[in-house]
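Colleague: Give the three-dimensional model of this entry:
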Amino acid sequence: MENYYLKIKEYRLQNNHTPEYVAIQMEMSVKKYEKIEQGMVDLKLSKLDQLVKILGIKKSQIFQLEN
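Modeller: Numbers count the residues shown, from 1 in each chain. Okay, the predicted model is just below:
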């Protein structure tokens with residue numbers, strides 16, 4: 001399976017959001033958010049719901065396999 005953490009970063013960059021902006025919106029520290037993008041901590045479902053709303057995408061887009 002492709003590393004879905006990389007897709008989170010990719011979608012953040014496409015939306016021109018900084019890690020700081022996303023972290024503030026998710027009510028967490030920038031350091032913790034960056035660890036999510038690096039795959040060092042697991043993303044809880046409730047936080048995933050917040051994240052996809054911020055990025056303006058569907059959850060399925062993060063986990064979708066690329067051909």
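Colleague: for His17, helix, strand, or coil?
Modeller: coil (DSSP: H, G, I helix; E, B strand; the rest coil).
Colleague: For Lys31, the count of nearby residues, please.
Modeller: Residues near Lys31, counting by other CB atoms under 10 Å, number 9. From N, CA and C alone the C-beta is placed, and that goes for glycine too.
Colleague: what does the one 5 residues further on give?
Modeller: The local packing of Ile36 (other CB under 10 Å) involves 23 other residues.
Colleague: which ones are touching it?
Modeller: Shown in contact with Ile36 (CB atoms under 8 Å, 6 or more residues apart in numbering): 5, 8, 43, 47.
Colleague: roughly how far apart are the second one and Thr18?
Modeller: Translated: Ile8. To Thr18, Ile8 is 14 Å away according to CB to CB, to the nearest Å.
Colleague: May I see the buried residues of stretch 51-63?
Modeller: Across stretch 51-63, burial judged by 16 or more other CB atoms under 10 Å covers 51-52, 54-55, 57, 62.
Colleague: Please identify which pair of those lies farthest apart.
Modeller: By the measure CB to CB, Ile54 and Ile62 form the most distant pair in the buried residues of stretch 51-63, at 12.5 Å.
Colleague: Now do the shared contacts for these two.
Modeller: Between them, Ile54 and Ile62 share no contacting residue, judged by CB under 8 Å, 6+ apart.
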